Each structure stands twice: as C-alpha cells, then as structure tokens.
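J.: Next comes the sequence, and after it the predicted model I'd like to discuss.
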Amino acid sequence: MTIAAADAGPAAADTAVLAIKDLRKNFGGVLAVDGVSFTARRGEVTGLIGPNGAGKSTALGMIAGSVRPTAGQVLLNGVDIAGLPSYQVARRGVGRTFQLSSEFPHMTVLENMLAAVQGGRGDTLRSALLGKRYWRQAEDANVRLAAELMDRFSMTAMANELAGTLSGGQRRLLEIMRALMARPRLLLLDEPMAGVNPALSQRIQEYLLELRSEGLQMLMVEHEMSVVERLCDHVIVMAQGRVLADGTLTEIRSDRRVLDAYLAG
Amino acid sequence: MSTAWQFYLTTVLVYLGVDVIACWGLNLQYGYTGILNFAYVVFQSAGAYTYAVLTLGPVYRGDFQQYIVGMSLPFPLPIIAAGVVGGLLSAVIGVVGLRRLRSDYQAMVLLVIGLIATTVITNASGIFNGAAGLSLIPKPLQSHLNLTLIGYQWAYVLLVAVFCVIIYWFVHRITQAPFGRSLRAVRDHEQAAAALGKNVTALRMTSFIIGGVIAGISGALLVGFIGAWSPGSWLYQETFIFFTALIVGGTANNAGAALGALLVPVAFLEATRFLPQFGGPGLIDALQWVAVGVLTLGFLWFRPRGVLPERKRSLRLPEIAGPPGPAGQSGPAARPVGAPRVEDARRRA
C-alpha cells in the first residue's frame, strides 16, 4: 500500500489536499507574494513556475512553515496551517527539499535518513536514557526502511559515507530520500533539478514519475519546462507575486499573459 | 612517593576530573548541538557559588564575608543543588538567548551575559561577597571521614571519579541514541532539521540545560576541593580554555573531550608552572593566554577536527534484495527504475 493511498478515503479522489487562499507576504514594504490562491489536488503533481522573483520559493516557504505569511490561509486537508512553525507542518505530513542542498554534512547518508524518522523510540531525552536495549528494535526497523529506499534510488553504496562528501547530484537524491523517509503525504520540491547534470536529472525525473504513479502528491517549483511537461499534471504560473494562470501545460502555453510575463521577466 | 608529590598528583587528578566533566557538558552543547556557549564558565560558577552558600552555614552580621541563603546542607545535597541551579540558570538564559536568534548572534548574547554576570557578582557585594569572593568553604564529609590530609585528597579523587562515571554514562546514553542524532541534525542544518519535524528550539534548550547541569556539578566539585571561589576564578577567558580543550581533543566525541581536558587545562597549563620565571610579574600568566590562543588557531588551521575527531557512525545494512529469483531482482544497481519496490518501502505508512 502506498502512502498516498493509505489516507485517501473512497470519496477523497477529487478533494484538494492543499488549498492556498489569498496568501500574502510583505518583506518590509516589498510584496513578494501578493494574494496567491490555488489548489493542488490529491494524487497530482502541481508545478509552480514563473520568472525569477515571481515569489514561487516564498510561496513554497510559506506552505512549509519556514516563511511566516503576512496574511492568508494554507489549508491542508481543510485545516489552516498558515503560520505554523516548520516542524509542526512537517509533523502533519508535509515533506520538503530545499533549493540549496541541505544535507547534514557530518552525518552519514544512512544517518541523514534515520534523522527523518519522527517520534521514534529513543528520540526523546527520557527514552534515550532508557538505553540501547529500549530503542534498538525500532532503530533496526528504520534502518531496514532506509536500506530499501537507498536500494531503490541506487544509493546503497553510499550508505555509510558522510553526506558532506557526496556530489551535488547525490545530495539531491539524498534530500528526496530523506524527505520520503518521513512518509509524507505531500512533498514540496524546490527546484529539484537545479545544478544537477542532465543524466542524473533524467534519473531524478524517473524517480519522481515513479512516486507520482504511486499516488504521492507533490508541489514543485521548477524552471526547466521539459521537466514540468514531463512531471506536472497541473501548472500554476506566478509573476510579480500573483498567480497569472492556472491549468494544464497545454492550456498555459496558449495564454498570452504567460508569454508576456516570461518575455518581460 | 613523597607526601608532597602525592598531594600534587591528587590535586592534578581532581582538576582533571572536574575539567573532563565540564568538557563533556560543553561538548554536548557545542560539539553535538552546535551552541556556541561563550558563557559556559558562568554556569560552572553558578554551581560553585551554590555549593558554597549551601555549605558555609548562616551568615552573621559583621562576618568577614557576606552572602545570600547561608545553609549547611549535608553531602551530597549541595552538589545536587549546584546541578539544579546550573540547569535553572540555563533555562532562564536559554529562553532569552536561544530562541529566534541565529547561532552567531546567540554566541554574542552569551558572551555578553558572561561579562554582565562577572560585573554584577563583583560589584554586588551582598550576594557572594563581591570581588573578595567566598572562602573557608567546607569540604564534603571532611569532618566525618577522619582521614589524613593525603587520605582525604585520595578520597576526593575517588569522589570526582564517581561523578565522572555517572556523567559519562549520562552523556553517552544521550549521544548514542536517536536523540543525539537529532541534536547533531540541528547542529548540521537547522532548517532541514525543522523541515523533518524536529523542534529545533526545544532540542537546543534541552541540550543547553543538560550542559548547564553538568557545568554546575563540575563547579561544585571544584569549589568543594579548593575551598574558595571569587570572580577571579571564572573570568570569561576560562570558557575559552574549555573551547580550546574541545577543539584540540575533538568535538562531538566524548573521548576527544576528555583527552582535550587532559591536554589543555591540565597538561598545557600545568607544564608552564615548571618553566623558570622570567620578566615582570604576571608576564607568564599573560603569555599563557597567548599560548592558548595560538594553540586554538593552530588546531583550527591544521587539524580542525581535533586529535580524536567525531567518528563516522557506520551501521550495517540489512540484506534487502532477496536472492536472484523469478522476480529478477538481483542487486541494488540491477533493478530498473520503474520496478515495483514501493510496497515494502512504505509498508509501515
């Protein structure tokens, strides 16, 4: 059973998992995000595109809790999570990757992944003091889960390497694996292909397609149109802090305003 | 061994034990959690003063030293209280300094708090007798044990050793557990840790408070031995001795921290005692600080991870790819990307 299917009830197929309503962010007078609304449907991959400075990453940050919105709502399964700190958003099943690699450099690849397990045994002060015998079994189960993920992403050979020694592309893979380790219901990806060589980019795209086919909902900021075309069911175009267009890529392509924004931006 | 040498040896061993304990506390804060606690010696001092006022007994008017509280609690209560006070002070300072600030700013706030603390304690003479400090602080159980001077010295070495074992057990359990991994995740990348559901502030506070408790206990053990404590005993520079010890010994490695305590505050600073005196009075002391600075810089430049660096925690991977069979799954690399490996990877969802 896949994660997305696990919480999808019979009637859930067409419910929006993520609905953004009139989200605003004001950086000392600069309106980075100026009233953005869109919905991302369950089981779909939503692309967030737009020229530089359009407010895409800020919008993503507000959904993930790392940027505090000035106003607006972020509804996750109908519950407003706007303004919650990152860790609480994460505990509600939202995983994310960062625009710049964010591995834990002095920890091994495997440890990076184990760190993503939430509420595991031995992860509180009290249970840590109970000793290895108390958390050993849970740890072994998590190691097994991590091993399976690494196997799938062909990263098994790197398991016991320090994450700081990985190549740029491997760090990207690690970040995705680490986010998956927490079994998210929604995965936010901030330019997952940035700075990755074309061959590895292809591989990452295939992995993401595979996750999509398993029903994992994703929202990704991406610049490369071929990637958007291949991965995204649904595209939101942003420019100057606003949503310019919202639809399938074919619909978007014929939109005059989108072309203008890209040419002007 | 002559009495004089035994006396010297036991003194050095007690200092070593106290420094090892203090380094473990700072290592938890700095090595594992990445908190630059530039006020560390303040927490050690809080423990020392707590021990002092809880053993000195009631203060009389016109007494040569004036202090607050004034009780004489039996062993080991003053030492435990010293840990509690170290922890409480950490909680208060942590609430002010550790929330909503980036780690470099936290370091500055803590450094300033350390300087303020010294100034306040020096000038407010009613609290801990001001600049003159407290003296004639009773040694734990000395009146009950009926030992010779050297016998008591050795007994104190044993006491400190027992505390070393307890504190080591404590920090080892924390740092080897998944909880310690969460602390290191916060150290390595705060935002990423938060994005994985780690409550960064709570983890930092926990580590900071435990470090404060350990610092307080180390202070109590130190003052119980030397019997006197004044603002001159805990100048802000003392914190940097502990930092140097960690950098030299190896951060995020409890053995490295202990080695650093042996090499820097004990070996390095004791060795200079045996140098012939030269120059004006105070020159050697001043040069000691210069030497400590040079030592820190040298290590940061040539061996930034210390003599015993943080060790890589390799874990054995379970065999997951079954033997080559009808499914055609052989090795990790052989599996095509689209292969249905999803089920088991997520079966616990």
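T.: Nice, I can see it. Just so it is clear, the model here is predicted, and its values are computed rather than measured.
J.: CA only for contacts and neighbour counts going forward, please
T.: Fine.
J.: would you list every one of the strands in the stretch 51-200 of chain A?
T.: Ranges of strands in the stretch 51-200 of chain A, per DSSP state E, counting those that start in this stretch, are A:71-76, A:79-80, A:94-96, A:186-190.
J.: what's the longest one in contact with?
T.: The contact list for strand A:71-76 (CA atoms under 8 Å, 6 or more residues apart in numbering or on different chains) reads A:17-25, A:35, A:63, A:80-82.
J.: interface residues of the stretch 151-300 of chain B facing chain A?
T.: With CA under 8 Å from any CA of the partner chain as the criterion, the stretch 151-300 of chain B meets chain A at residues B:170, B:173-174, B:177-182, B:184-185, B:188-189, B:191-199.
J.: from those, which ones fall inside helices?
T.: Counted as lying in helices by DSSP state H, out of those, are B:170, B:173-174, B:178-182, B:184-185, B:188, B:191-195.
J.: pLDDT-wise, which helix or strand of chain A ranks last?
T.: Within chain A, no helix or strand scores below helix A:3-6, which has a mean of 41 by mean pLDDT, DSSP states H and E.
J.: my bad, chain B
T.: For chain B, counting by mean pLDDT, DSSP H and E, that's helix B:342-345 with a mean of 39.
J.: tilt between whichever helix in chain A runs longest and helix B:178-188?
T.: Identified as the longest helix of chain A according to DSSP H is helix A:132-152. With axes from the mean of the first three to the mean of the last three CA atoms, to 10 degrees applied, the angle from helix A:132-152 to helix B:178-188 works out at 50 degrees.
J.: Mind giving me the packing neighbours of helix A:132-152?
T.: Judged by 3 or more CA pairs under 8 Å, 6 or more residues apart in numbering or on different chains; DSSP states H and E, helix A:132-152 is in contact with helix A:109-114, helix A:125-129, helix A:168-181, helix B:342-345.
J.: rerun at 10 Å
T.: Using 3 or more CA pairs under 10 Å, 6 or more residues apart in numbering or on different chains; DSSP states H and E as the contact test, the elements touching helix A:132-152 are helix A:109-114, helix A:125-129, helix A:168-181, helix B:178-188, helix B:342-345.
J.: mind listing what's buried in that helix?
T.: Across helix A:132-152, burial judged by 16 or more other CA atoms under 10 Å in any protein chain shown covers A:132, A:135, A:139, A:142-152.
J.: Next: stretch B:90-98.
T.: B:90-91, B:93-94, B:97-98.
J.: Dump it to CSV, keeping only the CA atoms.
T.: Provided in CSV are the C-alpha atoms of stretch B:90-98 (Å, rounded to 0.1, in the frame of the first residue of the first chain):
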residue,chain,number,x,y,z
SER,B,90,20.5,27.7,31.7
ALA,B,91,16.7,27.6,31.3
VAL,B,92,16.4,31.3,32.0
ILE,B,93,19.3,32.3,29.9
GLY,B,94,18.2,29.9,27.1
VAL,B,95,14.8,31.5,26.9
VAL,B,96,16.4,34.9,26.4
GLY,B,97,19.3,33.9,24.2
LEU,B,98,18.5,30.7,22.3
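J.: Which residue does the stretch 1-150 of chain B have closest to chain A?
T.: Proximity of the stretch 1-150 of chain B to chain A (CA to the nearest CA) peaks at B:Tyr32, 10.6 Å away.
J.: which residues touch that residue?
T.: For B:Tyr32, the contacting residues are B:26, B:175, B:180-188, B:207, B:251-254, B:310, by CA atoms under 10 Å, 6 or more residues apart in numbering or on different chains.
J.: 7 Å instead?
T.: B:Tyr32 makes contacts with B:183-184, B:187, B:252, as judged by CA atoms under 7 Å, 6 or more residues apart in numbering or on different chains.
J.: right, and out of those residues, which lies closest to A:Ile236?
T.: Among the contacts of B:Tyr32, B:Arg187 lies closest to A:Ile236 (CA to CA), at 35.7 Å.
J.: burial count for residue 130?
T.: Going with chain A. With neighbours defined by other CA atoms under 10 Å in any protein chain shown, the count for A:Leu130 comes to 15.
J.: that's the wrong chain, I meant chain B
T.: B:Gly130 has 21 nearby residues by other CA under 10 Å.
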